[in-house]
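# for reference, the sequence and a predicted model appear below.
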Amino acid sequence: MTATSAPDVLCIGQPRLTSGLDRMPRVGADAFGSVFGKLTRRGLPELIAMAQQVDLRGRGGAAFPVARKLAAVVRSASARGKRPVVLVNAAEGEPGSAKDLMLLLRTPYLVLGGAVVVANALRASEVVVAVTDEVMASSVRAALRRAPELRRLIQVVTVPRRFVTGEGGALVNAVNGRAALPPGRKVRASDSGVGGQPTLLSNAETFAQLAVLAMLGAAGYASVGIPGEPGTLLLTVGGSSDRPAVVEVPSGLPLGYALDLCGSSACDGVLVGGYHGRWLPAETAYDVPVSRAGLEAAGGTLGAGVVLPLGPGTCPIGEVARVAAYLAGESSGQCGPCKLGLPGVARSLAAVASGSGGLEALDAARRTAAAVRGRGACGHPDGVFRFVQSALTVFTDDIAAHLFRGGCGRPVRGVLPVPAANGDQRLALDWTRCQGHGLCAHVVPELIQLDEQGYPVPLAMPVPPWLERDARRAVEMCPALALRLASAAPVADERGQPARGLPASGRGQLSLRAGGRQRDGDLMVTEEWIADLTDASGRLRAIRD
Ligand code: SF4
C-alpha cells in the first residue's frame, strides 16, 4: 500500500462498509443502490437516538460519542443563530492508516452519503471534505461530478499532510486557511469551526458508519459485533504483514484472525492504535478482542484502527527509534516539552539502538518520555509517551541485546512506515572532514549530541521549522565544512542502525578521529576557542543570538 494507491480490502464476516469491494474496485454512483440500497434520510432526534442506542463513537482515534457531538452542534447553532457546517476529516496524518484513503478511493458515496444524512438532519449550510492527498481529492471530485445534487452542498479542501493535521483544531485551522497546527487551547469545533460556524467534525469512517446506521436502523446496525460496541471496524493492518490491507471486522473478533488473514508474523509485538498507540506482546495480541474495551483491558488502544505487527526480520528498538525521530520532527513546536523533549527522547532511543548509549541512554529515554506527558499544548507528547513507554516495556529482550551485546544483529528494515521526506532538510555529516571538536552540538543541541568520544551524532529527523535558524548557523560555523543541510529521504540502514549519520559504534568514530587531518583552508579549532564561546554549562553564550 502506498499513500496514493487504492489499498487492498479484506473482510471477516458480513461486509458493511466494504460491501461490493470483493467484486468491483470502486462502488460508483451506478452500483451504490444495488450494493447498499437506498440511503435513508433521518431527522435529527432520530439520528441522535440511533447513534446513542448503538453508542457510535468517532473513528478518528478519540472515540468521542457521536450523539453528544450532534447535540453540541445543535445547541451551539441555535444559541448563535447560525447554520452549522459538516466537516469530514479525511486528513489521515497517521502514516500507518489507510482506511480513509480506502473509503474515499473505493467507496466514496458511502462517506459522502453519511455526511449528507448528517447535513440534512442538522440543516447544515455546507459539507467540507478535508483531504491531504490529491488522489483522494480527485476521487471525491469525480464522485461529485456524477452527483449534481451532492455538488451543490459539498466542497473538497486539500490540507497539508502532517501527523498533527488530523487533530480537530489543526484541521479547522487548515480549512480556515491558517497553519495546520493545533490551536494550543481548547476550541470546540461545535462552537467555532469552519469559518467560525458551529461545525460537526468527525472522521471519514464515522460518516460511512452513519450512512450504514441510517440505512439499517439501530437494531440492524447492532446485529453484528459485541453488545457494548456493536457494528464493524476498519483496521489497517501493515507492518511485517505479507498482505497489508484495510480489513473490516465485526467488533469483538480476536485480533489474531485479522493478523492471520494478512499473513502477519508478529513474533516481536504488535503496535495497536498507531504512533500514539501502544505495543502489545505477541502472545497477548493474537487473543485480544478488537474493540475499545478489549484492547484497553489488554494495555492497548484502538485509536484509528492501525495494527502494525513486527516480524522477526527487523530490529524492534531500531524501528521504534526511527519512528520516534519522525514524531519529534512532527511536533508543532508550540510548547517546550514537545519541542525539546521529543528530540531528547528520539536521541536517547537512537543511542540505545546503536548500542552506544548504554543504560544511561535507556534511562534518559524513559525519563524524558515521562517528563513530556501531560505537559503539551496538544495531545502529541502524550501520544509519543504511550508509544515509547510501551515499546520499552514490550521489547525488553531486544533492549537487553542492544545494551549488553551492542545490538540484536538484525537490520532496521523500515517496517514501520515513515513518510518520505518531502522537501524537508536534515543535518548530514561528512565523517572524512569532521574534526570532532563538538561546536555544532553546542549550536544546535536539540539536533546534534556528542558521543562518548566527543564526535557529533546528528538526530535522524527533519529539521523542524523552529530550529532551522540554529541548524543553518551550525552548518555555517562548522570550521571543517563537515556539516550540511541535506534533503535526502530517510532510508533504513542495512547495517542495522536506525539513523543516517549515526555511527555504528564508538570504535568507528575513534578510527575516524585518528585519521582526521587538518585540510587547507580549514579554520583551526581548539578546545580553548570552544571554551571561550561557551559558558560554564557548555551552552553557547552569544552565538545563538
Ligand atoms: S562543528 Fe563540524 S567539525 Fe566540528 S564536530 Fe561539528 S561537524 Fe565536526
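Yes, it's here.

# going forward, measure contacts and count neighbours with C-alpha atoms only.
Will do.

# in the stretch 1-150 of the chain, which residue sits closest to the ligand?
Nearest residue of the stretch 1-150 of the chain to the ligand (C-alpha to the nearest ligand atom) works out as Pro95 at 31.7 Å.

# A strand includes that residue, no?
No: using DSSP: H, G, I helix; E, B strand; the rest coil, the assignment for Pro95 is coil, not a strand.

# what sits against it?
By C-alpha atoms under 8 Å, 6 or more residues apart in numbering, the residues touching Pro95 are Phe163, Pro417, Val418, Pro419.

# which of those ranks first by neighbour count?
If you count neighbours using other C-alpha atoms under 10 Å, the busiest of the contacts of Pro95 is Phe163, which has 22 neighbours.

# so that residue makes contact with Glu94?
Yes: between Phe163 and Glu94 there is a contact under C-alpha atoms under 8 Å: 5.6 Å.

# can I assume Ser202 is in contact with Leu87?
Yes: using C-alpha under 8 Å, Ser202 is in contact with Leu87, at 6.6 Å.

# which pair in the contacts of Pro95 spans the largest distance?
Phe163 and Pro417 (12.3 Å; C-alpha to C-alpha).

# sec struct for the residue lying closest to Ile12 once chain neighbours are set aside, please.
Of all residues not flanking Ile12 in the chain, Val249 sits nearest, at 5.2 Å (C-alpha to C-alpha, 6 or more residues apart in numbering). Secondary structure for Val249, judged by three-state DSSP, is strand.

# Val249 against Thr232, yeah?
Yes: taking contacts as C-alpha under 8 Å, Val249 lies within contact range of Thr232: 5.4 Å.

# what are the boundaries of the strands in the stretch 51-200 of the chain?
Ranges of strands in the stretch 51-200 of the chain, per DSSP state E, counting those that start in this stretch, are 85-90, 126-131, 154-158, 199-203.

# cool, the stretch 251-400 of the chain as well?
Using DSSP E, counting those that start in this stretch, strands in the stretch 251-400 of the chain cover 269-272, 278-280, 306-310.

# one more: the stretch 401-545 of the chain?
Counting by DSSP E, counting those that start in this stretch, the stretch 401-545 of the chain has strands at residues 426-429, 448-450, 456-458, 483-486.

# which one of the ones you listed lies closest to Asp398?
With C-alpha to C-alpha, the closest approach to Asp398 among these belongs to strand 456-458: 22.4 Å.

# and for Cys440, the neighbour number?
Here the number of neighbours of Cys440 (other C-alpha under 10 Å) works out to 28.

# quick one, what contacts the closest residue to it other than its chain neighbours?
Of all residues not flanking Cys440 in the chain, Ala474 sits nearest, at 5.0 Å (C-alpha to C-alpha, 6+ apart). Taking C-alpha under 8 Å, 6+ apart as the contact definition, Ala474 lies against Leu439, Cys440, Val443, Val444, Leu483.

# could you list which of those residues also contact the ligand?
When the contacts of Ala474 are checked against the ligand using C-alpha under 6 Å from any ligand atom, the ones in range are Leu439, Cys440, Leu483.

# wait, which of the residues you listed is closest to Ala350?
Cys440 (18.4 Å).

# thought the closest one was touching Val475?
Yes: if you go by C-alpha under 8 Å, Cys440 and Val475 touch, sitting 7.5 Å apart.

# which neighbours do these two share?
With the criterion set as C-alpha under 8 Å, 6+ apart, the contacts of Cys440 and Val475 do not overlap.

# quick one, phi/psi of Val187?
phi -120, psi 110 (degrees, to the nearest 10).

# my guess is it contacts Gly169, does it?
Yes: contact criterion C-alpha under 8 Å: Val187 and Gly169 qualify, at 6.8 Å.

# which parts of the stretch 401-545 of the chain are helices?
In the stretch 401-545 of the chain, the helices defined using DSSP state H, counting those that start in this stretch lie at 439-443, 468-477, 506-515, 527-533.

# kindly report the same for the stretch 1-150 of the chain.
Taking DSSP H, counting those that start in this stretch to define them, one finds helices in the stretch 1-150 of the chain at 29-36, 44-53, 66-80, 99-106, 108-122, 134-145, 148-151.

# what's the most buried one of those?
Neighbour counts (mean count of other C-alpha atoms under 10 Å) averaged over each of the helices of the stretch 1-150 of the chain peak at helix 99-106, with a mean of 26.

# excluding its backbone neighbours, what's nearest the residue in the stretch 51-200 of the chain positioned nearest to the ligand?
Nearest residue of the stretch 51-200 of the chain to the ligand, counting by C-alpha to the nearest ligand atom: Arg162, 29.5 Å away. Spatial nearest neighbour of Arg162, excluding adjacent residues (C-alpha to C-alpha, 6+ apart): Gly93 at 5.3 Å.

# next one: phi and psi at that neighbour?
Gly93 adopts backbone torsions of phi -70, psi -20, taken as degrees, to the nearest 10.
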